[in-house]
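In: predicted structure and sequence below. I'll ask about it afterward.
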Amino acid sequence: MISDSDIPSGAGGINREGYTYGQLRRQPIIPEVMRGITNPVVRRWVEECNARNRSGFIMKKVEGEYSFDGLHVGPKVKLPTRSELIAMLGSNPTAEEIRNVSYTLLREEIARQTGMTVAKAASAIGNMLDCVPHEDISGYVYMVPNWAHKWFRHRGYVSAILTHE
């Protein structure tokens, strides 16, 4: 059981600011991160995420896995089906190859929507937003706050593809 007074921590120094889960559920992108956002499109995405969660995000499980959908920041990009990936990567794709495809799709969409280069879009995910790409088992990739992604252990799209689910 998770309490609003719990402090997500560990896993590479997440939430070194010490916000409680109760605070993060109501403002997933913290003020310290907000101050560093210079792109107006990215700022709008963050404001939308925080507004959507003002009453408190509730982590739910879908098909036995945590659903980060309510925490998404910015675009949600449809990922290739297993058969489409096999056509692109061959019959035995590795986790790294699958992630390369999905991360590239997300970075390109962020770049398209913000006017950034793909390299700046990649940097914006982790450096500007303190987010991470999340490949959902539903077949979408989107950004979610680092604190949540590392705190809630889960399986996702890559696992589903590799286990042929």
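Out: Yes, it's here. Residues are numbered from 1 along each chain as shown.
In: which elements pack onto the biggest helix by length in the chain?
Out: Scanning the chain for the helix with the most residues, using DSSP state H, yields helix 95-114. On a contact count with 3 or more C-beta pairs under 8 Å, 6 or more residues apart in numbering; DSSP states H and E, helix 95-114 meets helix 40-52, strand 73-78, helix 82-89, helix 118-123, strand 131-135, strand 140-145, helix 157-162. Where you see a C-beta, it was placed from the backbone N, CA and C, and this is true even at glycine.
In: nearest to M1, of these?
Out: strand 140-145 (20.9 Å; C-beta to C-beta).
In: what does the closest one contact?
Out: Where contact means C-beta atoms under 8 Å, 6 or more residues apart in numbering, the residues beyond strand 140-145 that reach it are 24, 28-29, 68, 71-79, 102-103, 105-106, 110, 125, 129-136, 157.
In: in the longest helix of the chain, what counts as buried?
Out: 98-99, 101-103, 105-107, 109-111, 113-114 (16 or more other C-beta atoms under 10 Å).
In: over to stretch 64-77?
Out: Buried, per 16+ other C-beta under 10 Å, within stretch 64-77: E65, Y66, S67, F68, G70, L71, H72, V73, G74, P75, K76, V77.
In: any chance of those residues in TSV, plus pLDDT and distance to L89?
Out: Shown next, in TSV, are the buried residues of stretch 64-77 (pLDDT from 0 to 100; distance: C-beta to C-beta, whole Å):
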residue	pLDDT	distance to L89
E65	83	23
Y66	86	26
S67	88	26
F68	91	25
G70	92	31
L71	94	29
H72	95	26
V73	97	28
G74	97	26
P75	97	23
K76	97	22
V77	97	17
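In: closest to P93 among these?
Out: Nearest to P93 among those, with distances taken as C-beta to C-beta, is V77, at 18.1 Å.
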